[in-house]
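Colleague: After the sequence you'll find the predicted model.
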Amino acid sequence: MATKSVSVLFVASEMLGLAKTGGLADVALYLPQALQCAGQTVNVFIPYYKQIAQKQQSAQQVHHFCLPTPVGHSDIEYHVRSIEHQGLSVYLVDCPHYFDRLSLYGEHNLGYADNGERFAFFCAAVLQTCFEFSLAPKIIHCNDWHTALVPFLLKTRFGEDGLFQDTRAIFTVHNAAFQGTYPRNQMWMIPEISGHFIGKIQQEHHDINLLKCGILYADKITAVSPNYAAELLTDLGSHGIASAFRERSEDLFGILNGCDYQCWDPQHDPLIPHNYDIDHLQNKSKCKQFLQESLGLPVRSVAVYGMVCRLTEQKGVHLVIPALREFLRHQVQVVVMGTGDLALAGQLHALAMQFPDRFVFMTTYTEEHAHQIEAGCDYFLMPSLFEPCGLNQIYSLAYGTLPIVRDVGGLRDTVNDYDREPHCATGFVFQEPSCLALLNLMRRSLLFYLQEPKEFQRLRKNAMRTKFLWSTTVTQYQQVYQSAQLDVFGSQEES
């Protein structure tokens, strides 16, 4: 079979429109689309989950393959299906034993016990499929721990294979809190790990840290914002694996995610009741009134604060709850929409009972409500303990809803604090991860809203002028790709 030329092979565990649990899915759609618009030939690999099978019944079965396994084990049969998804060629790795399940990663807030084995198979199957197809990408772009064995296998199993001699792996860290640490015996199909002791990817005695595999074996590493890349070099920011990031610090780059402004644009958004733009903000006030009416809140001329998030400590919900107990005594209204930790949800329910005219807690996420909250609120709360990039603060800026954020990760890279940079401010930023620091800033923002309406409108317009475009993001990724390729050619010349 003749070798096929592909610029970029994008490998991810989820993709918007097919299977999604978080922001990774958005990146797995928008970044490949932007790369393709920039002239790259792009293919995408993701698992063929049950929920994809239910939606994509016409997915073409391309081929039947067997993944070779060590002596004493049966080879693993799988199929590869293909679809065109929003202009992209997507390959779906179909193995019911691993992917025909109710959810992507787990159920009832617990990950599947064999997730290490499932994604070890996925990584090996991606490269085996490339080998069978004679698919020789210049760049294989991997994302998070689920795909981290691809760089490892490129350097080991396929290190001497001529098909991949010019292939280089880029590994993007979307959230280092999730490292994919699993017992070594789950890697039984990867003899390069199960049959050898590799200390640098070990975690404690018998576990393998898959994220470290990506960090230590990829040719270049990226993080989803410049400040997050810097945080990964610290013990706190890296969640305990700073030594791996420091070892690769010269190959680590921070590239901020872009925003899909076709989806998040108040001027054309079909999910909000009144469209508006920077020159016609009176309709934003109508969106606010609609939000109040639809949530059963009194229609009052008060500052409205919103929050849309997973109910986890990472998102700072444990800081928001005690802050709200005090803040809701003021003439304000707050709406929180989120699912997750049941204990946090219970406390938010109790607050809604205590302050029915000022606080609404929504336990079911819908895209429609997410857009209406962004359009109808004056401020948006994101007091995250850590936030690699963040998307909601970017959406908030586009809708003229001023973000109140902590000074971490991508939040620092996207929101300009009024008290530090008043001329170009787009929101309010605090540092200390405490309830009191958050409460003080919320009160500060309330006084600003009440006492400085002209300045508030100026900041609102600053926010709406701020853009984070995928075209800018793609240019930076192409520079990293080129750097990885130059390393290839340089090493060839030296040899």
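Modeller: Arrived safely. Residues are numbered from 1 along each chain as shown.

Colleague: so what does the longest helix along the chain touch, helix or strand wise?
Modeller: As assigned by DSSP state H, the longest helix anywhere in the chain is helix 470-494. On a contact count with 3 or more Cβ pairs under 8 Å, 6 or more residues apart in numbering; DSSP states H and E, helix 470-494 meets helix 23-37, strand 135-143, strand 168-173, strand 220-223. C-betas here are computed from N, CA, C, even on glycine.

Colleague: Contacts for the last one, please.
Modeller: Think strand 220-223. Strand 220-223 has contacts (Cβ atoms under 8 Å, 6 or more residues apart in numbering) with 168, 170-173, 214-215, 229, 232, 245, 248, 251-255, 388, 477, 480, 483-484.

Colleague: Check the second one too.
Modeller: Outside strand 135-143, the residues that touch it by Cβ under 8 Å, 6+ apart are 3-13, 24, 27-28, 43, 129-130, 148, 150-151, 154, 163-164, 166-172, 174, 214, 218, 477, 481, 484-485.

Colleague: For stretch 173-192, buried residues please.
Modeller: Across stretch 173-192, burial judged by 16 or more other Cβ atoms under 10 Å covers 173-176, 178-184, 186-192.

Colleague: what distance separates it from the middle of the whole chain?
Modeller: 19 Å (Cα atoms, centre = their mean, to the nearest Å).

Colleague: going forward can the numbers begin at 40, since that is how I track them
Modeller: New numbering, starting at 40: the last item is stretch 212-231.

Colleague: on that earlier part again, which of the buried residues of stretch 212-231 fall in strands?
Modeller: 212, 220-222 (DSSP state E).

Colleague: Can you lay out the residues you listed as a markdown table showing pLDDT and distance to Ala58?
Modeller: Listed next are these as a markdown table, based on pLDDT from 0 to 100; distance: Cβ to Cβ, whole Å:
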| residue | pLDDT | distance to Ala58 |
| --- | --- | --- |
| Val212 | 98 | 20 |
| Thr220 | 95 | 23 |
| Tyr221 | 95 | 21 |
| Pro222 | 94 | 26 |
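
Colleague: between those, which is nearest Ala159?
Modeller: The closest of these to Ala159 turns out to be Tyr221 (Cβ to Cβ; 8.3 Å).

Colleague: pretty sure Asp308 contacts Ala414?
Modeller: Yes: between Asp308 and Ala414 there is a contact at 7.1 Å, judged by Cβ atoms under 8 Å.

Colleague: For these two, indicate the residue with more neighbours.
Modeller: For Asp308 versus Ala414, neighbours defined as other Cβ atoms under 10 Å are more numerous around Ala414 (28 against 21).

Colleague: how near is that one to Leu508?
Modeller: According to Cβ to Cβ, to the nearest Å, Ala414 and Leu508 sit 21 Å apart.

Colleague: got it, and Ala342?
Modeller: Per Cβ to Cβ, Ala342 is found 30 Å from Leu508.

Colleague: So these two - more neighbours on which side?
Modeller: More crowded of Ala342 and Leu508, by other Cβ under 10 Å: Ala342, with 22 against 13.

Colleague: Just grab the bridge partners of that one for me.
Modeller: Val371 (DSSP bridges).

Colleague: Look up the pLDDT of it for me, please.
Modeller: With respect to pLDDT, Ala342 has a value of 98.

Colleague: What segments of the stretch 140-289 of the chain are strands?
Modeller: 145-146, 149-150, 174-182, 207-212, 220-222, 241-242, 246-248, 259-262 (DSSP state E, counting those that start in this stretch).

Colleague: With distance to Cys105 as added columns, please give these in a markdown table.
Modeller: Output for those, formatted as a markdown table (distance: least, Cβ to Cβ, whole Å):
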| stretch | distance to Cys105 |
| --- | --- |
| strand 145-146 | 28 |
| strand 149-150 | 28 |
| strand 174-182 | 17 |
| strand 207-212 | 24 |
| strand 220-222 | 24 |
| strand 241-242 | 30 |
| strand 246-248 | 24 |
| strand 259-262 | 32 |
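
Colleague: That'll do, ta.
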